[in-house]
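# Below is the structure, and that's it, no one-letter string:
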């Protein structure tokens with residue numbers, strides 16, 4: 001079964017009682033902030049104080065409350081209007097200029113615009129696996145990712161999605177029975193949509209930045225067989241390039257065609273005799289990487305494979321050359 005994230009919205013109060021000894025009516029606080037949401041007045045220090053009151057939220061346990069008098073002076077000088085929402089990045093930057101803490105900024109935005117923003121929570125950030133270089137970019141990407149989760153799981157807002165994921169994270173840490181925690185983790189890890197989203201956050205930047213052989217070089221110490229498969233695909237592509245460029249035909253798909261091509265390239269003096277021996281060795285590593293039942297290639301063998309593809313084959317994409 002798919003992971004039921006929406007059920008954790010209702011479990012949020014139960015988890016708060018277990019962790020803090022009480023529950024909180026966050027929806028009532030959202031309603032209190034509606035004048036700011038609608039752009040009826042400027043942000044004031046008294047608004048921020050409401051978020052840190054222990055009877056309203058538990059957030060004072062995690063973030064320091066700004067000094068009310070200092071904040072009053074700063075806000076009086078800046079005249080920050082929080083609504084209607086028009087440009088998320090600009091708003092976050094303006095608030096950071098006053099609060100100097102993205103966590104505190106996230107609290108304020110979570111209550112003023114709960115449909116677009118959530119609390120910048122470390123446990124939730126770990127679950128969604130969002131990673132960016134700059135703090136503002138990271139927070140905005142985090143909220144965008146939560147919006148995707150909200151849509152997928154049928155949750156009404158980004159804020160509620162963050163609450164649900166936080167409640168799940170706390171459930172796995174012992175705020176619930178051990179049996180419940182184990183079952184929750186199993187459901188989360190078994191949800192294909194979730195794992196695809198998480199892997200994409202980690203892998204996508206590498207796929208966009210690096211070529212196949214660079215990816216193979218990066219992965220070889222973690223999984224030599226997987227790195228070998230990636231390098232093998234690039235090797236076969238380059239052999240196909242050589243077959244068309246130097247032999248005037250696509251590389252045949254029949255067994256032994258690659259070895260025959262390597263021999264032909266040496267006869268035509270497109271590669272040297274030592275290169276031929278190296279390329280045959282690379283083909284053996286390729287076979288070990290892609291064929292089930294074969295003894296998997298060692299890290300050293302895949303390292304050599306990648307190096308020889310780079311030094312011998314990569315030039316086929318650029319220009320025709322004689323033996324080295």
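Sure thing, it's come through. What you see is a predicted model; the values in this text were computed from it and never measured. Numbering: from 1, shown residues only.
# which SS state does residue 270 fall under?
Look at residue 270: counting by DSSP: H, G, I helix; E, B strand; the rest coil, its state is coil.
# Apart from its neighbours in sequence, what residue is nearest it?
residue 246 (5.0 Å; C-beta to C-beta, 6 or more residues apart in numbering). Placement of C-beta: from N, CA and C, glycine included.
# Quick one: residues contacting the one you found.
264, 265, 268, 270, 320 (C-beta atoms under 8 Å, 6 or more residues apart in numbering).
# next SSE after the strand or helix carrying the first one?
Here residue 264, judged by DSSP states H and E, is contained in helix 257-267. Elements were assigned by DSSP H and E; along the chain past helix 257-267, the next helix or strand is helix 273-290.
# So what's the gap between that next one and the chain middle?
Distance of helix 273-290 from its chain centroid, counting by C-alpha atoms, centre = their mean, to the nearest Å, is 35 Å.
# what's it in contact with?
So helix 273-290 is contacted by 225, 228-229, 231-232, 235-236, 258-259, 262-263, 265-266, 271, 294-297, 301-302, 304-305, 308-309, 312-313, 323-324 (C-beta under 8 Å, 6+ apart).
# same thing but 6 Å
225, 228-229, 232, 235, 258, 262, 266, 294, 297, 301, 305, 308, 312 (C-beta atoms under 6 Å, 6 or more residues apart in numbering).
# tell me the average confidence for it?
Regarding helix 273-290, the rounded mean pLDDT is 97.
# and after it, which helix or strand comes next?
Next in line after helix 273-290, if elements are assigned by DSSP H and E, sits helix 299-308.
# What are the structural domain limits within this protein?
7-204, 212-317 (automatic domain parsing).
# Residue 277 and residue 76, how far apart?
Distance, residue 277 to residue 76, using C-beta to C-beta, to the nearest Å: 78 Å.
# Report the next helix or strand after the helix or strand harbouring residue 50 in sequence order.
Secondary structure from DSSP H and E places residue 50 in helix 45-52. Using DSSP H and E, the helix or strand that follows helix 45-52 in sequence is helix 68-78.
# Return the list of helices and strands in contact with that following helix.
helix 45-52 (3 or more C-beta pairs under 6 Å, 6 or more residues apart in numbering; DSSP states H and E).
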